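# Sequence and predicted structure are below.
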Amino acid sequence: MEVKPLTEAEIQAIRAETAGTAARIHLNNAGASLPPDVVIKTMVDFLREEALLGGYEIEAKYRTQLDHTHELIAQLINANRDEIALVENASAAWDLAFNGLHFEPGDEVIVSEMEYISNVLGLLNAQKMNGIVIKVIPNNAAGIFPLHELEAAITDKTKLIAVTHIPSTAGNVLPAAAIGEIARKHNVLYLLDACQSVGHVPVDVQAIGCDLMAVTGRKYLRGPRGSGFLYVRQSIQDKLRVLFFDGRTVTKVTQQDFIVRADARRFEWYEKNPAIVLGLQKAVEYLLNIGIDRVWQRIRYIADLFRERLREIDGIVVHDQGDVLCGIVTFSATGIAAKDIRAKLATKNINVHIGLAHSTLYYMNRKGLNDIVRASVHYYNTEEEIEMVCRELRTLLL
Ligand SMILES: Cc1ncc(COP(=O)(O)O)c(C=O)c1O
């Protein structure tokens, strides 16, 4: 299907609806992107009304609308509303999924080299506590995830494949659907860290074939901080242990026993900030109205242009490698520390971030990188912004 590019008028309209684009060049979308104004307005209006009406009273008033959030998220990722649990962030989602599985000593978990620190810590903890064996599959010399090595690593002890779709400190996209095909062929559970990918690239859980997926709201989804969700495929919900309980986890409780609810909301807390839930819902709605295919096309266009321009600057080394590159652009500059580049660009109202070695330990160690500059673009960034940032970088490197 042909994707209709976002027009200049649409980009300008989107920027006009995003207050943060007015005075800054925001290239830290992989940290937290700028929310559309409607996300903020929805949350502020709700909080004001809450302060006047009372927390429980306003929750009752907005119950149907609040519940619609699961529906919209499900629509975005081609899931069922009963497969979504709202959580605070991607680490919480990943932890609920991973620690909900039962591991025996010697069980193997196969991961990519692109795992984020939260996931690596979870893996190491399970290695200590349960005696799991962690198998890391590094990217090949061209920065591509080697599918044949993944398949070769699977044994009858393999319990889980847990990979990251888009890493925190590199610009490549892992072949999530091809990994899913291998997981299904060998009947191995598949947990996808889609923290950086939902809202960035098309993510369809049926096409990918993952059983579990961890997502955050504040990054490419443009939702509020403190929002996120866990996807749990219906067929595995009863196999995943519920780690935390409150009164809404169950449909029945007696003094002797309880029955957990029949959907993925068994994995979410009842007590959460409804303003954040509504903010996330608005962000998802905003994205659905634009269309993820158009978003992805635009991000690739801006990021490719950015890498091209960066490569023309003497002293800049672009690190991104792979067959599919995304909106996360990573580089180093000869003779200037990443933190100094960030600080100098900040004085010009340009936001970039630093990726530290510990954030993506396996990858950064293998590449011998202590830190990199991470400049992550979104669809609302413009060609002019890229030219301005490159101009500043050239001046810094003079
Ligand atoms: C690839 C990846 N996974 C997981 C996380 C953790 O997300 P959160 O901070 O929402 O827990 C991050 C955060 O940067 C990330 O980049």
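Received it, and whenever you're ready, just let me know what you need. Here the structure is a predicted model, which means the values were calculated and not measured.

# Give me the neighbour count for Lys339.
If you count neighbours by other C-beta atoms under 10 Å, Lys339 ends up with 12. Quick note: C-beta positions are derived from backbone N, CA and C, even for glycine.

# Just to check, it is in contact with Ile372?
No. Using C-beta atoms under 8 Å, Lys339 makes no contact with Ile372, being 11.0 Å away.

# where do the contact lists of these two overlap?
Common neighbours of Lys339 and Ile372 (criterion: C-beta atoms under 8 Å, 6 or more residues apart in numbering): Ile354.

# which residues touch Gly335?
Each residue near Gly335 by C-beta under 8 Å, 6+ apart is listed here: Gly315, Leu397.

# Apply 10 Å and report the result again.
Gly315, Leu396, Leu397 (C-beta atoms under 10 Å, 6 or more residues apart in numbering).

# Neighbours of the second one, how many?
Counted with other C-beta under 10 Å, the neighbours of Leu396 add up to 18.

# Over to Leu393?
For Leu393, the neighbour count with other C-beta under 10 Å is 24.

# Now Val120: closest residue in space, sequence neighbours ignored.
Nearest residue to Val120, sequence neighbours excluded (C-beta to C-beta, 6 or more residues apart in numbering): Leu361, at 5.5 Å.

# Tell me if I'm right that the one you found and Ser118 touch.
No. Using C-beta atoms under 10 Å, Leu361 is not in contact with Ser118, being 11.3 Å away.

# wait, isn't Thr158 in contact with Ile137?
No. Thr158 lies out of contact with Ile137 (C-beta under 10 Å); the separation is 11.9 Å.

# How is this protein partitioned into domains?
8-33+291-396, 40-289 (automatic domain parsing).

# would you list these in CSV and tack on distance to Met1 and mean pLDDT?
Formatted as CSV, the domains of the chain follow (distance: least, C-beta to C-beta, whole Å; pLDDT from 0 to 100):
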stretch, distance to Met1, mean pLDDT
domain 8-33+291-396, 8, 97
domain 40-289, 11, 98
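
# So which residues on this protein come close to the ligand?
For the chain, the residues in contact with the ligand (C-beta under 6 Å from any ligand atom) are 89-91, 116, 118, 164, 167-168, 193, 195-196, 216, 228.

# which of these has the most neighbours?
Using other C-beta under 10 Å as the neighbour criterion, Asp193 leads the residues of the chain next to the ligand with 34 neighbours.

# any idea which element Tyr362 lies in?
Per DSSP states H and E: Tyr362 is located in helix 361-367.

# whoops, Ala152 was the one
Taking DSSP H and E as the criterion, Ala152 maps to helix 147-153.

# Listing partners with orientation, what would you give for the helix or strand that that helix is followed by?
Using DSSP H and E, the helix or strand that directly follows helix 147-153 along the chain is strand 158-164. Strand 158-164 sits in its sheet next to strand 108-112 (parallel), strand 189-193 (parallel), going by DSSP bridges.
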